[in-house]
Every structure is written in structure tokens, then in C-alpha cells.
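In: this is a predicted model, with the sequence first.
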Amino acid sequence: MKSAKEFAAWLMERFDTHSDVWLTRNDITELTSRQSVRSEFIHDVHCELMNFGRALIADIKNNRYYMVSLSDTYWKDVGDIYAEQANKSSSQLNDVEALPPDRDNTRVTPLRK
């Protein structure tokens, strides 16, 4: 039986040139010589693959497991199309007066059970 660390190292060695591959639950069972594949094992393999810049994720039914490459690019570095719209909207909002503070907390109502 292969440990999660051994299986992750084997995956990286075997699929070093392929960034995105998928395996079935049966494939993992067969390759690791395990009787069953538990979510803890998949989590441990995922954590080990993170050291290599990869991840192991499952589909909704846990029938397929996808080994994917992780990106080094932060989403805001690529560009945020909504930030430009938000800046335009906030400049338009500057023309609107803010509500005066509510000193008596009359606008806030307590939650009822």
C-alpha cells in the first residue's frame, strides 16, 4: 500500500510533463493497492501535491480526481474589470450626501426569535 506522500511523488514523476490529467477512483485504488479510497487519503495526496505546485480535486460524485497545475498569478495582477466600474460608481456617489448619524439607534431593530 502506497502512502499519500509516495503516491503524490509517483504522480509527479509520471506526469511531470502533463500539467492536467484525471484519474478514476478505481485507478487510484489499483495504483495504490488500497482496498478503498477515503477522503482523508485524497486530502493528504492533495497536500503533498501542493508542494509541487499541483492540486488534486474531485468532481461532485468523487468518481474522477483531477490533478491540475496551480497558478502563481494573483487575480488582481491580471486585472479586475469590476474595479474600474467601482471607481466610476464611487465618484458618482460622492455627489450624494451621506445620511446623518442615528444617535438614538432608531433605525436599528433587534432580531426577534
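Out: Thanks, I have the structure now. Numbering: from 1, shown residues only.
In: all helices for the protein, in order.
Out: 4-14, 25-32, 39-50, 75-78, 81-93 (DSSP state H).
In: show the low-confidence segments of this protein, by residue range.
Out: Across the chain, the ranges flagged by pLDDT under 70 are 1, 83-100, 102-113.
In: out of the helices of the chain, nearest to N62?
Out: Nearest to N62 among those is helix 25-32 (6.6 Å), distances taken as C-beta to C-beta. For every residue, glycine as well, the C-beta is placed using N, CA and C.
In: can you show me the CA trace of the closest one as PDB?
Out: What follows is helix 25-32, C-alpha atoms only, in PDB (Å, rounded to 0.1, in the frame of the first residue of the first chain):
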ATOM      1  CA  ARG A  25     -11.500   6.200  -8.100                       C
ATOM      2  CA  ASN A  26     -10.700   2.700  -9.400                       C
ATOM      3  CA  ASP A  27      -7.400   3.900 -10.900                       C
ATOM      4  CA  ILE A  28      -6.300   5.300  -7.600                       C
ATOM      5  CA  THR A  29      -7.400   2.100  -5.800                       C
ATOM      6  CA  GLU A  30      -5.400   0.000  -8.200                       C
ATOM      7  CA  LEU A  31      -2.300   2.200  -8.300                       C
ATOM      8  CA  THR A  32      -2.100   2.500  -4.500                       C
END
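In: hey, what's the nearest residue to R64 once chain neighbours are set aside bridged with?
Out: Spatially, and ignoring its direct neighbours in sequence, R64 is nearest to W22 (5.0 Å; C-beta to C-beta, 6 or more residues apart in numbering). For W22, the beta-bridge partners are Y66 (DSSP bridges).
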